[in-house]
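In: Fold the following and give me the result.
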Amino acid sequence: MRVKGTMDEKNKGIFAGLTLFAISILVIINFGIVKLTNSQLLGGRFIAIFNLILTAIIGSFGALTLFLVAALYFNWKIPCFSFNQKIYHRILFPLIIFSGRILNISKERIQQSLIDINNSIVKLRGIKVKPDELLLLLPHCLQNSNCRIKLINNLANCCRCGECSIKDLSEIGINQKIRLSLAKGGTEARKILGEIKPKAVIAVACERDLISGIIDSYPISVYGIINNRPFGYCKDTCINLRAIRDGIDLFLGEEIAS
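Out: Got it, this is the predicted structure:
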């Protein structure tokens, strides 16, 4: 089944290339282990069973990974998503980051590609939730650094001055009846997820925090949006509100979020 998806072609290329490279490494490792174990003085039956299991595991992982690449290119709906998501996030993503290091590709560029991949996976899943089951998780650096009002524990304290994105984001949250939270970092973000227990999350952060959050938040579906940093990391960042609305549309449906 085909579903609508919009993914950057460069990110597709980076992901596909690094995926094939990672699978090649696993195949070489598997071949080396098979050759090594065959040369040891162990029971022949034990060695055969061990090698068969190892080959089956790597083969299955390779098949699932190649299916994901094909699904992203041809916009296929992904079945058994929860199981696949765990494999993709916990195994494939770290392997791709490791492969990128070997090939000397910018870590930030790889992270951007993986965030795009993750968002495409979320789109292919097509999950819909109720407004109170959706959390918009924001970084504290969206708040104007000169503002003296503490918003971490209560976004309702915002004075709506319009000097930062918080005013517009708060209004979007109120209008769409979704939950909003502000977090200082990954530890606090995980605590918020544990307390609220949303079924889906729209997360705004830098590339590094988004990747770690996406992996740590399993099995929750997380749609990641990279913040804009005109003044550098962690200070007076901003966000494209259209991207936020698109994320809300994705989980609630356009007829609700428009």
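In: Over to Lys150. Which of the three states is it?
Out: coil (DSSP: H, G, I helix; E, B strand; the rest coil).
In: Please work out how many residues are found near it.
Out: 11 (other Cβ atoms under 10 Å). Yep, even glycine has a C-beta here, placed from its N, CA and C like the rest.
In: If I follow the layout properly, it ends up in contact with Ala156?
Out: No: the criterion here is Cβ atoms under 8 Å, and Lys150 misses it with Ala156 at 11.5 Å.
In: Between those two, which contacts overlap?
Out: Common neighbours of Lys150 and Ala156, using Cβ atoms under 8 Å, 6 or more residues apart in numbering, do not exist here.
In: Give the closest residue to Asn30 in space, chain neighbours not counted.
Out: Excluding the flanking residues, the one nearest Asn30 by Cβ to Cβ, 6 or more residues apart in numbering is Ile58, at 4.9 Å.
In: before we move on, what about Ile127?
Out: Ile127 sits nearest to Ser221 (Cβ to Cβ, 6+ apart), 5.5 Å away.
In: elements contacting the helix or strand hosting Ile174?
Out: For Ile174, the host element (DSSP states H and E) is helix 166-176. Applying 3 or more Cβ pairs under 8 Å, 6 or more residues apart in numbering; DSSP states H and E, we find helix 166-176 packed against strand 134-139, strand 179-183, helix 241-252.
In: Is the residue nearest to Asn30 in contact with Ile25, as I believe?
Out: No: judged on Cβ under 8 Å, Ile58 makes no contact with Ile25 at a distance of 10.3 Å.
In: who's more crowded, the two?
Out: Ile58 (17 against 14).
In: follow-up on the earlier one: out of the helices and strands packed on helix 166-176, flag the one nearest Leu124.
Out: helix 241-252 (11.1 Å; Cβ to Cβ).
In: I'd like to know the average pLDDT value across the closest one.
Out: Predicted confidence along helix 241-252 averages 93 (mean pLDDT).
In: Is the residue nearest to Ala243 when sequence neighbours are not counted bridged to anything, and to what?
Out: Of all residues not flanking Ala243 in the chain, Ile225 sits nearest, at 4.9 Å (Cβ to Cβ, 6+ apart). Beta-bridge partners recorded for Ile225 (DSSP bridges): Val204.
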